[in-house]
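Student: Below is the sequence, then the predicted model.
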Protein chains: 2
Amino acid sequence: MTETPDALATDPARLGLMQGFPPAPDKTLDLLRSDSRRWPNTRWSFSHQREMTPTSVVRRGPGTASVLPYALRDDLDAVAFTSMDGQAMDWGQSLAANYTDGIVVLHKGAVIYERYLGALEPHMPHLAFSVTKSFVGLLAALLQAEALLDPEALVPTYVPELAGTAYGDATVRQVMDMTIGVKYSELYTDPKADVWAYSRAAGMSPLPPGYDGPRTIFAFLQGLQKEGEHGQAFAYKTCNTEVLSWVIQRITGQSFASLVSDRIWQKLGAEEDAYVQVDSIAVAMAGGGLNTTLRDLARIGEMMRLDGVYNGQQILPRSVVDDIRGGADREHFAKAGVATLPGWSYRNMWWVSHNNLGAYSARGIHGQALWIAPAADLVIARYASHPIAGNGNSVLDKVSLPAYQALAEHVMATG
Amino acid sequence: MTETPDALATDPARLGLMQGFPPAPDKTLDLLRSDSRRWPNTRWSFSHQREMTPTSVVRRGPGTASVLPYALRDDLDAVAFTSMDGQAMDWGQSLAANYTDGIVVLHKGAVIYERYLGALEPHMPHLAFSVTKSFVGLLAALLQAEALLDPEALVPTYVPELAGTAYGDATVRQVMDMTIGVKYSELYTDPKADVWAYSRAAGMSPLPPGYDGPRTIFAFLQGLQKEGEHGQAFAYKTCNTEVLSWVIQRITGQSFASLVSDRIWQKLGAEEDAYVQVDSIAVAMAGGGLNTTLRDLARIGEMMRLDGVYNGQQILPRSVVDDIRGGADREHFAKAGVATLPGWSYRNMWWVSHNNLGAYSARGIHGQALWIAPAADLVIARYASHPIAGNGNSVLDKVSLPAYQALAEHVMATG
């Protein structure tokens, strides 16, 4: 088995990838070819998604950005912890170990730590992958709070087109908490997994010659069949988020991108426009297509930490945040067998730890994370381009979760 | 001959095009298919380019937008004029006649008129087409003012890769004023014209199966051969702008998008991020790929009217604006035989009328225009989706230029 090159060896800035007009031939990615979407080229391309695919804007609006106060600390790199594999490490080492592209840490609302590695820069949006799902969950919960969405209603109440599918007898609540019985494989290492069919329909993967499958996310969803029962067990499947996104777009008559902009981004005082990758009819890939800067992702975390208040506004009702923090059925979650997340649950497309810090999280493959620890007044926003596409019991968590915990305990003891 | 449907009959909002989740099948454009790029679908897609192609951001930055004061007038729709074809019309009628998607008029710095028709809205960027060229011209002139670019130097001084091409013995000045002898046809109605080969290389047109031509703009430019002499006559060819863009990117080490952002957009206090379509290696289509809001385009016009000053800053040296306003050799221009532009010239990628108002203009096919009339303190910014791709002696000018002139004379008399 060949050793995977480390973060330094694959650092696109250090390699001079895509530098110059034009870059040297051996430093050039052809962004229309699929090779540019494969690791280690993803170390560059996760920070340049809009230069590779169609996107919709999530506007910040014409106002000024909200102030993100700085109180940088130099004692964090040395914070020691032990990984789940029993390896002694410090915080500084954990960044490279997880192929971190950038990280922002807020303590009591101030930036105490900020690093950009590889291709990412403060003003650049990075692919958030499944962190996107948590935005869909927030919007759905917001519509619920406004009595525009009834979580106990069946999905076809809102989207009749899904009547003959796995979602015909599912409640919106079951979709929001991902306890849906649907035949859909999310196994990224299997080229025949449904997630790749979804990716092609969503415009995220190139279409093979002669492709005659679905050309839109909505068309793909209408082919999903039931497998097992709803409401019995947590099963992490991106198609559920796309169904929920369809529901909220149908209810509001607004696109996902404009909903995030109107309901969150403009109120937040985001520093930069965000954007979301879209399918062939300009519908957002709500299961994993959002791109934001790290600072703006950290602002979302701070808004959650402050019970929905940020930039002088109650952006989300406190009930929405409380509902997520409270989590969902932990026995349902345990059935999914996520080894690195014992005792967790999944509520409204957020991952809830139920630990001593009250920590909960938005998570994406390849190391995307927003981690909020209320008891430590801590928010961590991280983007990464890890070679392994792991959501759950992967090498990432084994380093990250102990690192986050150690950092939280450190700032609680010293801050 | 079939009559071309008029602006009302092709209004995408009125037709309900791309409305709903999903839109009705007969109201849906498949944005990955080339049909969505054909008129009348362009009436929608010119306002949605980023949802169809890869793009690079032109950042406005985190600050607040500059104030655009309003002093709206209700007397302008009735301003009468006679088209070059002898047709009596008024200003209000001229908008539909030219398939206008939106228009903003500034008088003495205040918005006196603003309309959005069809798919365009105030916050939405619209495809500027060759108005983009005038931004390249501004940046080149700015580098000249900073002594970073010598217009009298030969092109290969900056881009040695062009030594064996039409540009091997051309000066940068000849490129800036488009007096280049190069074998390149810009005839949009001819499917075999070089402009389509350029469009494919730039990622603007779909690649046919088995395509083995150039996959980047730079590669395309290296295939251009000399035809005729340089410095003798104006000949409008988009490849010249791409050469100039290569020169300024090579000199600065910055992309066109980041140059526009750093040197213009952020200083301007633009309301929205702009963006530019890019080729397969993320190089901007500088000959025609910029997308801006109308208000931000109007701000550019006002900056020019105020000798380079806007938002409390000298954004461009006065010498840059003076040079453009002074125009170039009118005999060179006359040789191009643009029937609607008698007595005009072309300087630094701007069109200069030499008329009684001192008017000069940035112009793009399908009706894109920024028209600045210093003697009338007037700026007109217009985006359109006219069925005919005309730069010069087209149906557009026959209505627009008399309309602009009449509006200028009206505000001078009444304002």
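Tutor: The structure has been received and is ready for your questions. Numbering: from 1, shown residues only, chains lettered A, B, ... in the order given.

Student: Show me the residue at the heart of chain A, geometrically.
Tutor: The residue lying closest to the centre of chain A (CA atoms, centre = their mean) is A:V131, at 1.2 Å.

Student: Confirm for me that that one is in contact with A:N291.
Tutor: No: counting by CB atoms under 8 Å, A:V131 sits too far from A:N291 to count as a contact (10.0 Å). In this view, the C-beta of every residue, glycine as well, is placed from N, C-alpha and C.

Student: what's the single longest helix in chain A?
Tutor: Criterion DSSP state H: the longest helix present in chain A is helix A:395-414.

Student: Which positions in the stretch 201-350 of chain A make contact with chain B?
Tutor: Residues of the stretch 201-350 of chain A found near chain B (CB under 8 Å from any CB of the partner chain) are A:203, A:209, A:215-216, A:218, A:246, A:249-250, A:253, A:255, A:271-273, A:275, A:278, A:280-283.

Student: Now which of the residues you listed would you call buried?
Tutor: Taking 16 or more other CB atoms under 10 Å in any protein chain shown as the criterion, what is buried in those is A:203, A:215-216, A:218, A:246, A:249-250, A:255, A:271-273, A:275, A:278, A:280-283.

Student: what's near enough to touch A:R363?
Tutor: Shown in contact with A:R363 (CB atoms under 8 Å, 6 or more residues apart in numbering or on different chains): A:S130, A:V131, A:W351, A:A369, A:L370, A:N391.

Student: following the helix or strand harbouring it, which helix or strand comes up?
Tutor: In this structure, A:R363 sits in strand A:360-364 according to DSSP states H and E. Proceeding C-terminally, strand A:360-364 gives way to strand A:368-373 as the next helix or strand, assigned by DSSP H and E.

Student: Direction included, what does that following strand pair up with?
Tutor: Using DSSP bridges, the strands paired with strand A:368-373 are strand A:360-364 (antiparallel), strand A:378-384 (antiparallel).

Student: And the residue lying closest to A:P342 once chain neighbours are set aside, how close does it get to A:Q232?
Tutor: Spatial nearest neighbour of A:P342, excluding adjacent residues (CB to CB, 6 or more residues apart in numbering or on different chains): A:A334 at 7.8 Å. Distance of A:A334 to A:Q232, given as CB to CB, to the nearest Å: 12 Å.

Student: go on, A:G118?
Tutor: 42 Å.

Student: next one: A:K192
Tutor: Distance from A:K192 to A:Q232, by CB to CB: 26 Å.

Student: does the residue in the stretch 101-250 of chain A that chain B sits nearest to sit in a helix, a strand or a coil?
Tutor: When distances are taken as CB to the nearest CB, the stretch 101-250 of chain A reaches nearest to chain B at A:Q249, 4.3 Å away. Following DSSP: H, G, I helix; E, B strand; the rest coil, the label given to A:Q249 is helix.

Student: next one: A:G337
Tutor: coil.

Student: Now it: phi and psi?
Tutor: phi 70, psi 40 (degrees, to the nearest 10).

Student: And the one 5 residues further on, by the same measure?
Tutor: The phi/psi pair for A:P342 (degrees, to the nearest 10) reads phi -70, psi 130.

Student: With the one 3 residues further on instead?
Tutor: With angles defined as degrees, to the nearest 10, A:S345 shows backbone torsions of phi -150, psi 180.

Student: Return the residues in contact with the residue nearest to the centre of chain A.
Tutor: Shown in contact with A:V131 (CB under 8 Å, 6+ apart): A:L290, A:L297, A:A362, A:R363, A:G364, A:Q368, A:A369, A:L370.

Student: Could you tell me which residues of the stretch 51-200 of chain A lie near chain B?
Tutor: A:51-57, A:59, A:62-65, A:123.

Student: Those into a markdown table, with extra columns for pLDDT, distance to B:T28 and neighbour count?
Tutor: What follows is those, written out as a markdown table (pLDDT from 0 to 100; distance: CB to CB, whole Å; neighbours: other CB atoms under 10 Å in any protein chain shown):
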| residue | pLDDT | distance to B:T28 | neighbour count |
| --- | --- | --- | --- |
| A:E51 | 97 | 26 | 26 |
| A:M52 | 96 | 24 | 20 |
| A:T53 | 95 | 19 | 20 |
| A:P54 | 96 | 15 | 22 |
| A:T55 | 98 | 19 | 30 |
| A:S56 | 98 | 16 | 24 |
| A:V57 | 98 | 21 | 24 |
| A:R59 | 98 | 24 | 21 |
| A:P62 | 92 | 31 | 19 |
| A:G63 | 92 | 34 | 15 |
| A:T64 | 94 | 38 | 14 |
| A:A65 | 97 | 37 | 19 |
| A:H123 | 98 | 35 | 14 |
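
Student: tell me which of those is nearest to B:G358?
Tutor: Taking CB to CB as the measure, B:G358 lies nearest A:P62 of those, at 31.3 Å.

Student: wait, doesn't that closest one sit right on B:P62?
Tutor: No: with contacts counted by CB under 8 Å, A:P62 stays clear of B:P62, the gap being 11.4 Å.

Student: Need the three-state assignment for A:I324.
Tutor: helix.

Student: List the contacts of it.
Tutor: A:I324 touches A:G137, A:A141, A:M304, A:R347, A:N348, A:W350, A:V352, A:Y360, counting by CB under 8 Å, 6+ apart.

Student: which residue ranges form the strands in the stretch 101-250 of chain A?
Tutor: A:110-116, A:126-127 (DSSP state E, counting those that start in this stretch).

Student: Highest mean neighbour count out of the ones you listed?
Tutor: Compared across the strands of the stretch 101-250 of chain A, strand A:126-127 shows the largest average neighbour count, a mean of 26 (mean count of other CB atoms under 10 Å in any protein chain shown).

Student: Restricted to helices, list the buried ones among the residues of the stretch 201-350 of chain A next to chain B.
Tutor: A:F218, A:W246, A:Q249, A:R250.

Student: Quick one: residues contacting the first one.
Tutor: Looking back up the chat, that one is A:F218. A:F218 sits next to A:E161, A:W246, A:I281, A:V283, B:F21, B:P22 when contact means CB under 8 Å, 6+ apart.

Student: Please apply the same query to the second one.
Tutor: Taking CB under 8 Å, 6+ apart as the contact definition, A:W246 lies against A:Y158, A:V159, A:L162, A:I217, A:F218, A:L221, B:F21.

Student: What does the pLDDT read for it?
Tutor: pLDDT for A:W246: 98.

Student: so how far is A:R347 from it?
Tutor: 20 Å.

Student: same deal with the last one?
Tutor: In this structure, A:R250 lies at 23 Å from A:R347, with CB to CB as the measure.

Student: Could you do the first one as well?
Tutor: Relative to A:R347, A:F218 is positioned 26 Å away (criterion: CB to CB).

Student: And for A:D194?
Tutor: Distance from A:D194 to A:R347, counting by CB to CB: 24 Å.

Student: Also A:Y158?
Tutor: For A:Y158 relative to A:R347 (CB to CB), the value is 20 Å.

Student: give me phi/psi at A:A336?
Tutor: Per degrees, to the nearest 10, the backbone of A:A336 is at phi -80, psi -20.

Student: what about stretch A:227-246, how long is it end to end?
Tutor: With CA to CA, to the nearest Å as the measure, the first residue of stretch A:227-246 is 21 Å from its last.

Student: what comes up buried for that stretch?
Tutor: Those would be A:230, A:233-246, for stretch A:227-246 by 16+ other CB under 10 Å.

Student: Over to stretch A:186-202?
Tutor: Going by 16+ other CB under 10 Å, stretch A:186-202 has these buried residues: A:E186, A:Y188, A:D194, A:V195, A:W196, A:A197, A:Y198, A:S199, A:R200, A:A201, A:A202.

Student: Domains of chain A: list them as residue ranges, please.
Tutor: A:12-54, A:93-414 (automatic domain parsing).

Student: how far is the shortest one from where the chain is centred?
Tutor: Remark: domain A:12-54 is offset 22 Å from the chain centroid, using CA atoms, centre = their mean, to the nearest Å.

Student: Sounds good, over and out.
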